[in-house]
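Asks: Here is my input, please return the structure:
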Amino acid sequence: MSAPQGRAAPPLDPPPTPPDVRVDELYRSAGTAVLGYALGRCATREDALDVTAEAFLVAWRRRTEVPADPEDARAWLFGVARFCLANVARGDRRAERLGRRLADHLDVAALPDPARVHEGRADTRQVRQALDALPADDRELVTLTAWEGLTPAQAGAVLGLTPGAARTRLHRARLRLRASLTPDPTEREERRHDH
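Replies: Numbering: from 1, shown residues only. Got it, this is the predicted structure:
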């Protein structure tokens, strides 16, 4: 239907902005402001970046709920960011409580000295290489007994071996492991002369 002649047609309302476009526009117009909001309330820059990313992820997932008015959308996004901040704070409090409980039950004297941990790296690599050279089941027998504290019979049960077979295979595996970790006589002589 056309407008009567001589009269202009009333302006049509523009079509609504699709939700995807609204979220893109919201990111461009409010992304820096939301990051600033998070930076002012988070303990670390990384947490603030996480909060900002989470806020926009929520906005994307709930894009059909983003208000059409840009100012309302901006306020809505700050509400989402506030919710994300609360989640981070709850997670931090849970981690802190868990850390306190662990510290209460942990023998601090039994913890390794961080300076000493690095000293053993070459030895650790050598042991790892020697273990890797063993067949998989033999490696598992050795590590189950040495690292996990299982008896040879228990380790054998894990692998479906009889106690006798487990002890025999473990003995042979330990001999092979020891041989690969013990330098040959020529190397021992060279090391002795180096010191």
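Asks: all contacts plus neighbour counts: C-alpha atoms, from now on.
Replies: Fine.
Asks: so where is this structure shaky, pLDDT-wise?
Replies: Within the chain, the ranges that satisfy pLDDT under 70 run 1-17, 19, 107-123, 184-195.
Asks: In it, where's the longest helix?
Replies: The longest helix of the chain (DSSP state H) is helix 70-105.
Asks: What are the boundaries of the helices in the protein?
Replies: Using DSSP H, the helices of the chain run over residues 19-39, 45-61, 70-105, 114-119, 121-133, 136-146, 152-158, 163-181, 185-194.
Asks: any chance of the ones you listed in TSV, plus mean neighbour count?
Replies: TSV is the format used below for these (neighbours: other CA atoms under 10 Å):
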stretch	mean neighbour count
helix 19-39	17
helix 45-61	19
helix 70-105	15
helix 114-119	9
helix 121-133	14
helix 136-146	18
helix 152-158	19
helix 163-181	16
helix 185-194	10
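Asks: Residue 22 touches residue 68, doesn't it?
Replies: Yes. Counting by CA atoms under 8 Å, residue 22 does reach residue 68; the two are 7.3 Å apart.
Asks: Show the contacting residues for the residue nearest to residue 52 when sequence neighbours are not counted.
Replies: Distance criterion CA to CA, 6 or more residues apart in numbering; nearest residue to residue 52, sequence neighbours excluded, is residue 35 at 5.6 Å. For residue 35, the contact set (CA atoms under 8 Å, 6 or more residues apart in numbering) comprises 48-49, 51-52.
Asks: one more time with 10 Å
Replies: Neighbour list for residue 35: 41, 45, 48-53, 55, 81 [criterion: CA atoms under 10 Å, 6 or more residues apart in numbering].
Asks: Same question for residue 167.
Replies: Neighbouring residues of residue 167 by CA under 10 Å, 6+ apart: 141, 151-153, 155-156, 161, 173.
Asks: again, only using 7 Å
Replies: Contact analysis of residue 167 by CA atoms under 7 Å, 6 or more residues apart in numbering lists residue 152.
Asks: Check residue 52 too.
Replies: By CA under 7 Å, 6+ apart, the contact list for residue 52 reads 34-35, 38, 81.
Asks: still on that earlier bit, the longest helix of the chain vs helix 45-61, what angle?
Replies: Orientation of helix 70-105 against helix 45-61 (axes from the mean of the first three to the mean of the last three CA atoms, to 10 degrees) gives an angle of 130 degrees.
Asks: Output the contacting helices and strands for helix 70-105.
Replies: Helix 70-105 is packed against helix 19-39, helix 45-61, with contacts defined by 3 or more CA pairs under 7 Å, 6 or more residues apart in numbering; DSSP states H and E.
Asks: Alright, calling it a day.
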